[in-house]
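Q: coordinates only, no sequence provided:
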């Protein structure tokens with residue numbers, strides 16, 4: 001990934017989405033040849049010279065202070081995820097740091113995390129991922145809801161890979177476009193933090209080739225964590241329902257996150273999730289779970 005080109009493209013897309021009115025800029029005279037703000041307008045808002053900002057957008061300013069990046073982030077109205085991405089792209093990386101980079105350790109969920117997933121299984125679907133969305137652990141209900149990652153080859157045990165590249169995902173998610181676009185935004189954010197992650201880059205490259213929609217989403221430079229949202233399902237066993245997902249970082253393992261699905265209490269979706277839980281529970285527990293629609 002050419003970080004200079006990434007930085008320039010990111011700044012241009014953020015500048016293009018802001019109108020002068022949105023940014024509190026009085027439009028200058030003449031015909032506007034670009035969508036959104038002009039470079040000199042962003043420079044003025046950030047308190048830097050137009051030449052300085054132009055060099056930054058062209059990737060020709062290798063040493064940028066935090067104060068300037070903060071000012072640019074404010075001028076472009078960046079949210080927290082976008083600001084984080086800007087700092088990652090603008091942060092210089094030396095050949096020395098790349099040469100002495102330690103090999104990535106194999107990540108595993110701790111036994112205590114596995115027990116937590118087992119406890120949650122009677123209530124809701126939950127799984128744990130790392131930064132690139134490799135699924136490190138999942139309870140039976142999560143595997144019944146989405147896919148049984150344990151049955152997949154090691155390389156394919158990845159939530160983003162499933163959503164983008166598995167044909168069944170388009171059938172499972174009735175709002176697949178929304179879910180997939182959010183996954184791409186998460187991948188772009190993580191790629192800024194881990195530009196040398198070979199498996200992450202392999203996944204992105206494969207998606208560019210195989211997913212028709214991926215290119216436009218990637219080129220939009222949208223960045224956002226898959227932190228929360230609503231996913232609507234058309235499940236082959238229990239039909240249509242909607243769940244809210246919430247992603248929580250594990251404090252003791254900051255590169256790992258717990259994704260938990262919940263349904264509104266008493267709703268048809270909650271009943272459907274309970275039905276799926278009864279079908280996916282281990283045989284010894286099935287007598288303690290609802291076995292028909294409406295039972296809770």
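A: Alright, I've got the coordinates. Treat the numbers as computed from the prediction; the structure is a model and nothing was measured.

Q: okay, domains of this protein per the record?
A: Following automatic domain parsing, one finds the domains of the chain at 3-92, 111-288.

Q: how about the helices in the stretch 101-250 of the chain?
A: Assigned by DSSP state H, counting those that start in this stretch, the stretch 101-250 of the chain shows helices spanning 111-121, 140-145, 159-165, 167-172, 176-193, 198-210, 214-219.

Q: the fifth one vs helix 198-210, what angle?
A: In this case it means helix 176-193. For helix 176-193 against helix 198-210, the angle by axes from the mean of the first three to the mean of the last three Cα atoms, to 10 degrees is 140 degrees.

Q: and residue 160, how far from residue 168?
A: Going from residue 160 to residue 168 by Cβ to Cβ, to the nearest Å gives 15 Å. Yep, even glycine has a C-beta here, placed from its N, CA and C like the rest.

Q: and these two? Which one has more around it.
A: Counted by other Cβ atoms under 10 Å, residue 160 and residue 168 do not tie: residue 160 has more neighbours, with 23 against 11.

Q: how about that one: what's its closest non-neighbour residue?
A: residue 133 (4.2 Å; Cβ to Cβ, 6 or more residues apart in numbering).

Q: show me what contacts the one you found?
A: 158, 159, 160, 161, 183, 186, 187, 226 (Cβ atoms under 8 Å, 6 or more residues apart in numbering).

Q: for the stretch 151-296 of the chain, give me the ranges with low pLDDT.
A: Scanning the stretch 151-296 of the chain for pLDDT under 70 picks out the ranges 281-296.

Q: mind running it again at 50?
A: For the stretch 151-296 of the chain, the stretches with pLDDT under 50 are 285-296.

Q: please apply the same query to the stretch 1-150 of the chain.
A: 95-100.

Q: close enough to count as contact, residue 158 and residue 134?
A: Yes. Under the criterion of Cβ atoms under 8 Å, residue 158 makes contact with residue 134 at 5.0 Å.

Q: distance of residue 274 relative to residue 268?
A: Applying Cβ to Cβ, the value for residue 274 to residue 268 is 11 Å.

Q: which one of these two has more residues nearby?
A: residue 274 (23 against 15).

Q: helix or strand: which one has that one?
A: Using DSSP states H and E, residue 274 sits in helix 268-280.

Q: buried set for that helix?
A: By neighbour count, and taking 16 or more other Cβ atoms under 10 Å as the criterion, the buried residues in helix 268-280 are 269, 270, 271, 272, 273, 274, 275, 276, 277, 278, 280.

Q: residues contacting the residue nearest the centre of the chain?
A: Among the residues of the chain, residue 186 comes closest to the average C-alpha position under Cα atoms, centre = their mean, at 2.1 Å. Applying Cβ under 8 Å, 6+ apart to residue 186 gives the contacts 133, 160, 224, 225, 226.

Q: from residue 36, how far off is it?
A: Separation of residue 186 from residue 36 (Cβ to Cβ) stands at 24 Å.

Q: same deal with residue 90?
A: Applying Cβ to Cβ to residue 90 and residue 36 gives a distance of 20 Å.
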